[in-house]
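Visitor: starting from these lines, generate the structure:
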Amino acid sequence: MASTVQPPLNFGLVCPGVYRSGFPSRHNLTFLQQLGLRTLIRLAEGEYPAELVKWVAHEGIEVLECVMTCNQEPFVGMEESILLRALRAVLHTATRPLLVHCLRGQQLTGVLVSCVRKLQRWSLASTFDEYRRYAGPTSSLRDLQLIELIDLHELSAKRDDANRVCQEDQTGGQRVEAEMGEQATRQNLSQSTTLKRVMMPENRHLHNDGQLSKETELLEWQDSVERGCA
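Guide: Next up is the predicted model:
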């Protein structure tokens, strides 16, 4: 009987080489083997099943323990020092591909991923929306407050690395758009220069009256636009 390929609960791609989920079980082993993982970041207490322990040992996968307490009203709060430790591991490219998980892939994992989004300069609205989609009914106002107010200044040195690796597709698209924009600008400048050269008195004999009239109107229109934008 063929093995069932089943992802862990609330599995998702955060960015290239970084995945999120709930606590993996033996039923998820075939799926996880396809990810080529180097690191597991465990945010919640729990023991992996024997099949996963054997696989982790065989593949030399590093298990990073960053066990935290969920935010609970009114006085129980998540340990920020442990959260920052997990974030450093996520931002370190040598640990990838990696899977970060808690029990259900909701609150603890959601807060960590939201901090990654802050380093990627996502808007708070988009960050909160992603958090709520995974957290569902377990969504916590204290989680949202932590996401908004946590100081990630000490990780700012890694922000460029996070943006470069986690947004490589977006950066590539922006680069293509910039190159297209530069090409269009060069073409416009070339056309404008050619038109002005034609309008010089010594070159007017190169065109008939009808063409010259149209070119004069176009040149006057371009000049008016340039003056309006100045």
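
Visitor: so where is the protein shaky, pLDDT-wise?
Guide: Where the chain drops to pLDDT under 70, the residues are 1-3, 75, 156-230.

Visitor: which residues in it form strands?
Guide: Taking DSSP state E to define them, one finds strands in the chain at 12-15, 18-21, 39-42, 62-65, 98-101.

Visitor: now distance to T4 and mean neighbour count too, for those, in CSV please.
Guide: Yep, even glycine has a C-beta here, placed from its N, CA and C like the rest. Output for the strands of the chain, formatted as CSV (distance: least, CB to CB, whole Å; neighbours: other CB atoms under 10 Å):
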stretch, distance to T4, mean neighbour count
strand 12-15, 20, 16
strand 18-21, 16, 22
strand 39-42, 21, 21
strand 62-65, 24, 14
strand 98-101, 19, 24
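
Visitor: JSON lines please, covering those strands and showing distance to G136.
Guide: Below are the strands of the chain laid out as JSON lines (distance: least, CB to CB, whole Å):
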{"stretch": "strand 12-15", "distance to G136": "13"}
{"stretch": "strand 18-21", "distance to G136": "14"}
{"stretch": "strand 39-42", "distance to G136": "21"}
{"stretch": "strand 62-65", "distance to G136": "26"}
{"stretch": "strand 98-101", "distance to G136": "16"}
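
Visitor: which of the ones you listed sits closest to Q6?
Guide: Closest of those to Q6 is strand 18-21, at 11.3 Å (criterion: CB to CB).

Visitor: roughly how far does M78 sit from H153?
Guide: Distance, M78 to H153, by CB to CB, to the nearest Å: 18 Å.

Visitor: look at those two and report which has more neighbours.
Guide: Counted by other CB atoms under 10 Å, M78 and H153 do not tie: M78 has more neighbours, with 22 against 7.

Visitor: so how far is C70 from that one?
Guide: Counting by CB to CB, the gap from M78 to C70 is 7 Å.

Visitor: give me the common contacts of the two.
Guide: Taking CB atoms under 8 Å, 6 or more residues apart in numbering as the contact criterion, the residues that touch both M78 and C70 are L108.

Visitor: what sits against A89?
Guide: If you count contacts by CB under 8 Å, 6+ apart, then A89 has 39, 41, 64, 66, 95, 98 around it.
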